[in-house]
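Asker: Got a sequence here, can you build the structure:
(one chain, ligands or ions: 1)
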Amino acid sequence: MKHLISTRDLSRAEAIGLLDTTADMVEVRGRDVKKLPTLRGKTVANVFFEDSTRTRLSFEAAALALSADVSTLTAQGSSVSKGESLKDTLQTLEAMGADYIVLRHSHSGVAATVATSGWTDAHVINAGDGTHEHPTQALLDAFTMRSRLSGATARGAGLDGANVVIVGDIAHSRVARSNVWLLNTLGASVTLAAPKTLLPKDVTEWGVSTSLTLDEALDGDPDVVMTLRIQKERMSSGYFPSESEYSRFWGMTSDRSARLKDTAIVMHPGPMNRGLEIAGDVADSARSTVTEQVRNGVAARMAVLYTLTGVQS
Ligand code: NCD
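Answerer: Purely as a prediction, here's the structure:
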């Protein structure tokens, strides 16, 4: 594996390998000395053409924890704002010796283009491309599910038989796409719940069930309810009548949370619109894995960088 562009490219063995390596990295993070020397002398360039808080910080923390040198480029404050082309930006990074390029961009398909362009020899990691994919988010989500549902020591296991509901703005969500491909590979069964306007047009080809009400999806007794952010920045017109109506029909409210079985978890990739797709008290409840996802995110990204170096544990 040279690049990580899409969870669709991962075999089951590769996906489980990444989850197991994430477990190793969680252990490293729990030690007194929280670093490994794996990437000493290597440079990780974080190239963020689109806003990010946790993904960018998480990749920085992961690269530093593997002893890499880290440089971060954001569109604002770089020559990108002067209209420099993607090709020129990447060739500049290449000339400066970037070994890994972590790339976020608002256009779907950019990470794959860069990986196959010949502009750079670096390993390319997709940190979110438009509405297409966000593979490291799916890996940290799958790891979080596996640890909560099967225990932190669940080595070698997939998510066979886990019943996962993903609710909300599926159409605009790269998180949903990467999760669906990975969850299918890991053996989970996935139900997407969203108003028709927020379901992707080709959903019948996704290998999932769909539900046109959240309450109906919850009747299926899920182990996991993953709520997604309403992606206002990617919406061109009114996809639902009003925010209060959306949260009434599709929000993870306290009442809905109370209907779940004791062991069920509620996830959200962040950033959250509290009170819209998820109620504040649900986000802060014991069921919520929101901060655990962020914590596991550093370990999952360490696992990806580690695995792409080809070093075996
Ligand atoms: C997600 C993203 O940027 O795709 N956030 C994240 O990476 N933590 C989800 C979102 O923006 O809603």
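Asker: how about low-confidence regions in the stretch 1-150 of the chain?
Answerer: 81, 83 (pLDDT under 70).
Asker: hey, where'd the helices end up in the stretch 1-150 of the chain?
Answerer: Counting by DSSP state H, counting those that start in this stretch, the stretch 1-150 of the chain has helices at residues 12-30, 54-65, 86-95, 110-116, 135-150.
Asker: TSV please, covering the ones you listed and showing distance to residue 235.
Answerer: Using the backbone N, CA and C atoms, a C-beta is placed for each residue, glycine as well. Conversion of the helices of the stretch 1-150 of the chain to TSV gives the following (distance: least, Cβ to Cβ, whole Å):
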stretch	distance to residue 235
helix 12-30	31
helix 54-65	21
helix 86-95	25
helix 110-116	20
helix 135-150	20
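Asker: looking at these, which is buried most?
Answerer: The highest average neighbour count among these, using mean count of other Cβ atoms under 10 Å, belongs to helix 135-150 at a mean of 25.
Asker: hmm, the following helix or strand past that one touching the ligand?
Answerer: Using DSSP states H and E, the helix or strand that follows helix 135-150 in sequence is strand 163-167. No - applying Cβ under 6 Å from any ligand atom, one finds strand 163-167 separated from the ligand by no less than 12.3 Å.
Asker: Who are the packing partners of strand 163-167?
Answerer: helix 174-185, strand 189-193, helix 214-219, strand 224-227 (3 or more Cβ pairs under 8 Å, 6 or more residues apart in numbering; DSSP states H and E).
Asker: one more time with 6 Å
Answerer: strand 189-193, strand 224-227 (3 or more Cβ pairs under 6 Å, 6 or more residues apart in numbering; DSSP states H and E).
Asker: mind putting these in JSON lines, distance to the ligand included?
Answerer: Formatted as JSON lines, those follow (distance: least, Cβ to the nearest ligand atom, whole Å):
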{"stretch": "strand 189-193", "distance to the ligand": "16"}
{"stretch": "strand 224-227", "distance to the ligand": "10"}
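Asker: Would you tell me which one of those is buried the most?
Answerer: Using mean count of other Cβ under 10 Å, strand 224-227 ranks as the most buried of the helices and strands packed on strand 163-167, with a mean of 27.
Asker: Just give me how far it sits from the chain centre.
Answerer: Computed by Cα atoms, centre = their mean, to the nearest Å, the chain-centroid distance of strand 224-227 equals 13 Å.
Asker: Could you do stretch 112-131 as well?
Answerer: 16 Å.
Asker: buried set for that stretch?
Answerer: Neighbour-count burial for stretch 112-131, counted by 16 or more other Cβ atoms under 10 Å, picks out 112-115, 119-120, 122-131.
Asker: which one of these is nearest the ligand?
Answerer: Relative to the ligand, the closest of those is residue 128; by Cβ to the nearest ligand atom it sits at 4.5 Å.
Asker: ok, back up a step: any idea which of the helices of the stretch 1-150 of the chain gets closest to the ligand?
Answerer: helix 54-65 (4.2 Å).
Asker: outside of the closest one, which residues touch it?
Answerer: Applying Cβ atoms under 6 Å, 6 or more residues apart in numbering, the external contacts of helix 54-65 come out as 35, 44, 46, 48, 70, 102, 127, 270, 294, 297-298, 301-302.
Asker: ditto for stretch 210-217
Answerer: 165, 167, 191-193, 250.
Asker: do the same with stretch 202-209
Answerer: Residues contacting stretch 202-209 (Cβ under 6 Å, 6+ apart): 180, 184, 190-192.
Asker: Let me know which of the helices of the stretch 1-150 of the chain is the nearest to residue 76.
Answerer: helix 54-65 (12.6 Å; Cβ to Cβ).
Asker: which ones are touching residue 74?
Answerer: residue 48.
Asker: Out of the contacts of stretch 210-217, which comes closest to residue 264?
Answerer: residue 165 (9.5 Å).
Asker: The closest one contacts residue 222, doesn't it?
Answerer: Yes - under the criterion of Cβ atoms under 6 Å, residue 165 makes contact with residue 222 at 4.4 Å.
Asker: Please consider this matter closed, and thank you.
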